[in-house]
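Undergrad: below are the sequence and a predicted model; questions follow.
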Amino acid sequence: MSVKGLVVHFRRDLDEHEAERVIDALMMIKGVAKVSTVAAGYEDDLNRQRVKRELLDQFRELLGEE
């Protein structure tokens with residue numbers, strides 16, 4: 001199997017300075033041709049909050065807490 005590329009997701013959004021440092025580090029890896037950024041929007045935060053709420057509800061249901 002050969003791999004053409006990878007997608008990396010961070011645990012939290014990075015500010016511009018942090019992103020630049022990560023991009024620089026990734027570009028130092030042999031074979032890396034391009035690193036692109038994806039801007040975070042309010043939809044991302046809403047989705048994270050929704051997922052957290054759903055997981056908490058599932059844990060509470062599992063534990064018998066309501």
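TA: Yes, it's here.

Undergrad: any idea which helix is longest in this protein?
TA: helix 42-63 (DSSP state H).

Undergrad: counting contacts, what elements does it pack onto?
TA: With contacts defined as 3 or more CB pairs under 8 Å, 6 or more residues apart in numbering; DSSP states H and E, helix 42-63 has no helix or strand neighbours. C-beta: built from backbone N, CA, C; applies to glycine.

Undergrad: is it true that residue 26 touches residue 34?
TA: No: counting by CB atoms under 8 Å, residue 26 does not reach residue 34; the two are 9.6 Å apart.

Undergrad: more neighbours, these two?
TA: residue 26 (13 against 7; other CB atoms under 10 Å).

Undergrad: lowest average confidence, helix or strand, in this structure?
TA: helix 42-63 (a mean of 91; mean pLDDT, DSSP states H and E).

Undergrad: CA atoms of that helix as PDB?
TA: Extracted in PDB, the C-alpha atoms of helix 42-63 (Å, rounded to 0.1, in the frame of the first residue of the first chain):
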ATOM      1  CA  TYR A  42     -18.000  29.300  14.500                       C
ATOM      2  CA  GLU A  43     -19.500  26.200  13.000                       C
ATOM      3  CA  ASP A  44     -16.600  24.200  14.300                       C
ATOM      4  CA  ASP A  45     -17.100  25.400  17.900                       C
ATOM      5  CA  LEU A  46     -20.900  24.700  17.600                       C
ATOM      6  CA  ASN A  47     -20.200  21.200  16.400                       C
ATOM      7  CA  ARG A  48     -17.700  20.500  19.200                       C
ATOM      8  CA  GLN A  49     -20.200  21.700  21.800                       C
ATOM      9  CA  ARG A  50     -22.900  19.600  20.300                       C
ATOM     10  CA  VAL A  51     -20.700  16.500  20.400                       C
ATOM     11  CA  LYS A  52     -19.700  17.100  24.000                       C
ATOM     12  CA  ARG A  53     -23.300  17.500  25.000                       C
ATOM     13  CA  GLU A  54     -24.300  14.300  23.200                       C
ATOM     14  CA  LEU A  55     -21.500  12.400  24.800                       C
ATOM     15  CA  LEU A  56     -22.300  13.700  28.300                       C
ATOM     16  CA  ASP A  57     -26.000  12.800  27.800                       C
ATOM     17  CA  GLN A  58     -24.900   9.200  26.700                       C
ATOM     18  CA  PHE A  59     -22.700   8.900  29.800                       C
ATOM     19  CA  ARG A  60     -25.400  10.000  32.100                       C
ATOM     20  CA  GLU A  61     -27.900   7.600  30.500                       C
ATOM     21  CA  LEU A  62     -25.300   4.800  30.800                       C
ATOM     22  CA  LEU A  63     -24.700   5.600  34.500                       C
END
